[in-house]
Structure formats: structure tokens, C-alpha cells
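> Would you be able to build a 3D model of this:
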Amino acid sequence: MIVKAFTESDGLKTYLLKGVMGSKKGKLKVAYFQPLMQLEVVAIHRNKGSMERLQEVKSTYPYQSLHSNITKNAVAFFLSEMLGNSIYEEEKNEGLFRYMEAAFQWLDTHDQVANFHLYFLLEMTKYLGFYPEVSTGRSSYFDLQDGQFIPHPGLNPMLTGNELDHFISLLGINFDAIHTIRMGKEERQALLQKIVLYFELHLHGFRKPRSLAVLNEVFS
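Have a look, this model is predicted:
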């Protein structure tokens, strides 16, 4: 099994786990490597650009509902793919690590999560370097290419109308307030498409996640 993990100490790491699929007695259980698992590991990092080795693994936060609830499980698969397509560097980013850790624990313990993935992705852009520029004020349009509000439409992809209103509602709040933003399924899907496009425009080599269609089906 090949596992990609975002580590507190070294950023993104890729591990090669030999024999884990067929072993029942080994220390490295397959169940540890579901999407977004929070683990403490003992690893050998040679930092030579190749796959590393894991020696020991234990769960630091056993999820109660993230993988058993159909909706949350779909969100987990989608966000794990988004993270895998967005983070490339083997570089420490403790702020992003702590944000992810707290966010997925929140998802595990709350029920009103229809807007979670939208808010999570927008907040994540703070740590990736392209959070929307709000100091210019809020105008009638948001330029997705330039990442700022503009008073008149331009040639770049943009948000306006209801999409813009919902987008603005997600800025500057916290997870406990996301349930107060009322959106229909078509509105939620349309805004998610634009947020994924926002990532695509700002991250070199970003690929649109294949699980997006599955997520849309679950929320429909």
C-alpha cells in the first residue's frame, strides 16, 4: 500500500507499506489508513525524494461518525482528494496541520454539515496563499483569477448574484455558524464548482477531483 500523509513535522510524505494488505498480526493495520485519519507515527524519513517507511502507527483521534455516516464519508473522500491535489511540498506547515486536525474533529462531532466542505476549502486558502482579498471592499463581482472583489465585470471567471452572496456569507465566520447559511442543492453545487475552479486557477498542476460527482449525488 502507498499512503500519502500530511505530517506536522515535514509536510507531505509518501510511505510504502509492505505486506500490510495480507497481514493480520502486523502493527500497521489497513484500518488506520482510511481518508483523513489522524495518526501518531514512528517513521524513518530519509528526505531523498523517495517513499519513506513507517514503523509504528496509532490513532490519536478515533472518529465516531466520519467514516460511518454516508454524508460525512462522501465529504471525507472529496476533501482528501482535494487536499491530495492541492498540497505538494515536503515542507512544515503547522498552521495548516492544526487547522485540518481541528476541522475534521468538528466534522466528526456535528450533524449540520451541508456547508462544511465549502467553508473548509475557503479557509484552507489562507494557508495556501490565495485567500480572497477582502480589504478592497465587497463589490458586485468577485474575480476568481485575481482573488479580489471588483465593481465591474471583466474577462476572468467571476462570481456574482446569489453565488457571490453565499460566497461572502462564508467569509469571516466559523464552523459553528455554517448551518445558518441557507442554500438549495443546486446553489450549493454551483458554488462548489466555482470554489474548485478557484483552486484550479491558483494552484499549478491542480486536478479536478473525480469524487466531486459522488459528493453532488449525496447532497442531492
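> burial measure for F33, as a count.
19 (other CB atoms under 10 Å). To be clear about C-beta, it is placed using only N, CA and C from the backbone, and glycine gets the same treatment.
> do S80 as well
S80 has 18 nearby residues by other CB under 10 Å.
> ok, it - contacts?
P35, L36 (CB atoms under 8 Å, 6 or more residues apart in numbering).
> swap in Y63?
Y63 sits next to M37, Q38, F104, D108 when contact means CB under 8 Å, 6+ apart.
> May I see those residues organised as JSON lines, with secondary structure added?
Output for those, formatted as JSON lines (DSSP: H, G, I helix; E, B strand; the rest coil):
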{"residue": "M37", "secondary structure": "coil"}
{"residue": "Q38", "secondary structure": "coil"}
{"residue": "F104", "secondary structure": "helix"}
{"residue": "D108", "secondary structure": "helix"}
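> can those go into a markdown table with extra columns for pLDDT and distance to I2?
Output for these, formatted as a markdown table (pLDDT from 0 to 100; distance: CB to CB, whole Å):
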| residue | pLDDT | distance to I2 |
| --- | --- | --- |
| M37 | 97 | 15 |
| Q38 | 98 | 19 |
| F104 | 98 | 22 |
| D108 | 98 | 25 |
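> Quick one: buried ones out of these?
Buried by 16 or more other CB atoms under 10 Å: M37, F104, D108, out of the contacts of Y63.
> Can you tell me which of the contacts of Y63 comes closest to V57?
M37 (9.1 Å; CB to CB).
> Show me how the record splits the chain into domains.
1-62, 65-219 (automatic domain parsing).
> Any idea how far the longest one is from the middle of the chain?
Pointing back at domain 65-219 there. Domain 65-219 has its C-alpha centroid displaced from the chain centroid by 8 Å (CA atoms, centre = their mean, to the nearest Å).
> Just the endpoints, please. Distance across that domain?
By CA to CA, to the nearest Å, the extent of domain 65-219 from end to end equals 17 Å.
> so who does the residue nearest the centre of the chain touch?
By CA atoms, centre = their mean, the chain has its centre lying nearest to L79, at 4.0 Å. Residues near L79 by CB under 8 Å, 6+ apart: P35, L36, H117, F120, L121.
> thinking again about what came up before, any chance of the buried ones among the contacts of Y63 in CSV, with distance to R182 too?
As requested, the buried ones among the contacts of Y63 are exported to CSV (distance: CB to CB, whole Å):
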residue, distance to R182
M37, 32
F104, 24
D108, 24
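> residue ranges for the strands of this structure, please.
2-7, 11-16, 39-44, 53-59, 141-143, 148-150, 158-159 (DSSP state E).
> check contacts around the nearest residue to D146 once chain neighbours are set aside.
Counting by CB to CB, 6 or more residues apart in numbering, N156 is the residue found nearest to D146 once chain neighbours are left out, at 6.5 Å. Contact analysis of N156 by CB under 8 Å, 6+ apart lists D143, L144, Q145, D146.
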